[in-house]
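S.K.: I need the structure of the sequence given here:
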Amino acid sequence: MRRGPLVIDGYLVEVEPGETLLEAARRVGVEIPTLCHHERSGTRGLCRLCVVEVEGSSRPVPACATEAAPGMVVRTESERIAAVRRVVLELLALETDLSLDADTQALLERYHARPERWGAPLAARRKREAIEDNPFFVRDYAKCYTCRRCIDACGDGVQGVWAYSTLGRGLETVPGTPLDLPLPETSCVFCGNCVQVCPTGALTPLQEVLLSEGER
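M.R.: You can find the predicted model right below:
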């Protein structure tokens with residue numbers, strides 16, 4: 001790919017080979033909100049929160065999955081983009097317990113999201129009991145919005161043991177274990193990488209859970 005500049009929110013940015021719009025924006029201090037993105041994750045364009053406008057494109061594009069190219073003119077904030085992000089966040093809050101996810105709660109406020117306008121919260125995931133099948137951490141899928149960070153960290157991203165995969169369909173989709181086995185019966189080595197990359201508290205060290213319960 002030829003080198004050259006593009007424009008992001010008025011900033012002239014020299015394109016690096018293979019760089020995404022998200023990476024180019026962050027390099028000049030323009031922050032684009034993300035949910036599923038992580039530097040060790042292979043997941044791209046899943047949550048759609050990082051969509052931006054590219055001049056000449058008929059629809060917003062995901063910044064984390066769109067390669068930067070010379071000559072692009074990019075806007076990361078507009079009324080149209082804010083409306084898209086607002087709906088993404090509202091639907092997310094409608095089906096997920098975000099009580100431990102301060103970052104996403106801040107985004108809900110920033111984009112004036114009102115999940116209640118879509119009706120009562122969906123209960124599909126909240127019916128699942130938290131899973132305590134090992135002495136290290138708890139899996140609480142009521143708090144999971146399936147960003148796939150744990151799956152990638154367990155697989156190609158970091159550890160390479162592939163103890164997680166997606167289970168279920170639709171709203172019931174969660175990062176589970178093969179055949180829904182208890183973690184000690186899988187290839188899991190309890191390295192903790194999945195817990196570290198989880199943004200919502202769906203994977204929480206058991207000690208923290210016990211301390212929280214003791215404070216109630």
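S.K.: okay, CA-based contacts and neighbour counts for the rest of this
M.R.: OK.
S.K.: name the residue closest to the centre of this structure, please.
M.R.: Closest to where the C-alpha atoms of the chain average out (CA atoms, centre = their mean) is C36, at 2.1 Å.
S.K.: quick one: contacts for that residue?
M.R.: T43, R44, G45, L46, C47, C147, R148, R149 (CA atoms under 8 Å, 6 or more residues apart in numbering).
S.K.: turn those into CSV, including pLDDT and secondary structure.
M.R.: Converted to CSV, these look like this (pLDDT from 0 to 100; DSSP: H, G, I helix; E, B strand; the rest coil):
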residue, pLDDT, secondary structure
T43, 70, coil
R44, 76, coil
G45, 78, coil
L46, 84, coil
C47, 91, coil
C147, 91, coil
R148, 91, coil
R149, 92, helix
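S.K.: farthest pair in those?
M.R.: G45 and R149 (12.7 Å; CA to CA).
S.K.: show me what counts as buried in stretch 159-173.
M.R.: Q159, W162, A163, Y164, S165, T166, T173 (16 or more other CA atoms under 10 Å).
S.K.: quick check, nearest of these to P121?
M.R.: T173 (16.9 Å).
S.K.: show me the contacts for that closest one.
M.R.: Applying CA under 8 Å, 6+ apart, the residues near T173 are T146, T166, L167.
S.K.: same deal with V52?
M.R.: P60, V61, P62, A63, V74, R75, T76, E77, I81.
S.K.: how far does stretch 76-89 sit from the chain's center?
M.R.: Counting by CA atoms, centre = their mean, to the nearest Å, stretch 76-89 is centred 16 Å from the centre of its parent chain.
S.K.: give me the buried positions along the lengthiest helix in the chain.
M.R.: Secondary structure of the chain read by DSSP state H shows that its longest helix is helix 79-95. Residues of helix 79-95 classed as buried by neighbour count (16+ other CA under 10 Å): 81-82, 84-95.
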